[in-house]
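Visitor: the following block contains a protein sequence and its predicted model.
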Amino acid sequence: MAKIGLFYGSSTGNTEYVAYEIKSEFDKRDASLVEVFNIGSTTPEQMLQFNYLILGIPTWNTGQLQDDWEVFLPKLAGHDMTGKKVAIFGLGDQNGYGFNFLDAVGTLSDVLFDLNAEVYGLWPTESYQFNESLAQIENHFLGLGVDQEGQSQITPKRIEQWVKQIVREFEL
């Protein structure tokens with residue numbers, strides 16, 4: 001079994017694409033580190049086998065969760081994630097939805113904090129243009145922010161830097 005479980009939800013394929021780009025970046029270090037799962041066909045028990053998690057979630061419309069995550073998150077209720085190290089990446093459109101950019105990352109983080117998980121991978125907000133976000137704490141997001149609509153050209157560099165950060169923070 002891989003050390004890191006990467007779980008994503010994707011309706012358009014963008015989050016799935018980014019999930020596999022993140023896995024490819026980890027594969028440069030060790031191809032056996034990350035195993036990828038679609039959250040739509042996952043159980044909490046499958047997820048909780050891993051001590052290291054990367055969770056990918058897009059924000060839909062005006063701050064809503066992607067459908068598969070909306071179904072999955074209530075299933076985590078009652079589980080204890082103490083000792084689990086979790087990093088989040090989120091997709092959003094800062095120009096079209098600048099008043100709720102990456103809100104799903106904030107919603108997911110709240111659930112994780114309630115379950116006692118440790119959240120890693122905070123990402124600086126300085127290269128983004130948005131108005132509000134539930135994912136923002138001071139000058140950082142609660143995970144990697146990806147805008148495939150407006151900034152897809154810098155997604156590869158962000159992924160590369162973020163994966164280096166996660167390897168360091170997870171102490172792998």
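Guide: Arrived safely. A quick note: this is a predicted structure, and the numbers were derived from the prediction, not measured.
Visitor: just the buried residues of the strand ranked longest in the chain, please?
Guide: As assigned by DSSP state E, the longest strand anywhere in the chain is strand 52-60. Buried positions in strand 52-60, judged by neighbour count with 16 or more other CB atoms under 10 Å: Tyr52, Leu53, Ile54, Leu55, Gly56, Ile57, Pro58, Thr59, Trp60. For every residue, glycine as well, the C-beta is placed using N, CA and C.
Visitor: from those residues, which is closest to Gln148?
Guide: Pro58 (9.2 Å; CB to CB).
Visitor: for that closest one, which non-adjacent residue is spatially closest?
Guide: Leu91 (4.0 Å; CB to CB, 6 or more residues apart in numbering).
Visitor: distance of the one you found relative to Arg158?
Guide: Here Leu91 is placed at a distance of 12 Å from Arg158 (CB to CB, to the nearest Å).
Visitor: list residues touching both of those two?
Guide: Shared contacts of Leu91 and Arg158 (CB atoms under 8 Å, 6 or more residues apart in numbering): Val146.
Visitor: more neighbours: which of those two?
Guide: Neighbour count, other CB atoms under 10 Å: between Leu91 and Arg158, Leu91 has more, with 27 against 19.
Visitor: for that one, name its beta-bridge partners.
Guide: Beta bridges link Leu91 to Pro58, Val146 when assigned by DSSP bridges.
Visitor: from the chain's centre, how far out does the helix or strand containing Phe26 sit?
Guide: Using DSSP states H and E, Phe26 sits within helix 14-27. Centroid separation for helix 14-27 versus its chain: 11 Å, with CA atoms, centre = their mean, to the nearest Å.
Visitor: ditto for stretch 67-75
Guide: Taking mean C-alpha positions (CA atoms, centre = their mean), stretch 67-75 and its chain are 14 Å apart.
Visitor: same question, stretch 147-158
Guide: Worked out by CA atoms, centre = their mean, stretch 147-158 lies 15 Å from the chain centre.
Visitor: so in that sheet, which strands flank the helix-or-strand element of the chain with minimal mean pLDDT, and in what orientation?
Guide: Least confident element among the helices and strands of the chain, by mean pLDDT, DSSP states H and E: strand 64-65 (a mean of 92). Applying DSSP bridges, strand 64-65 is found paired with strand 52-60 (antiparallel).
Visitor: next, the buried residues of stretch 36-44.
Guide: For stretch 36-44, using 16+ other CB under 10 Å, the buried residues are Val36, Phe37, Ile39, Gly40, Thr42.
Visitor: related to what we said a few turns ago, test my guess that the residue nearest to Pro58 contacts Leu144.
Guide: No. Contact criterion CB atoms under 8 Å: Leu91 and Leu144 do not qualify, at 9.5 Å.
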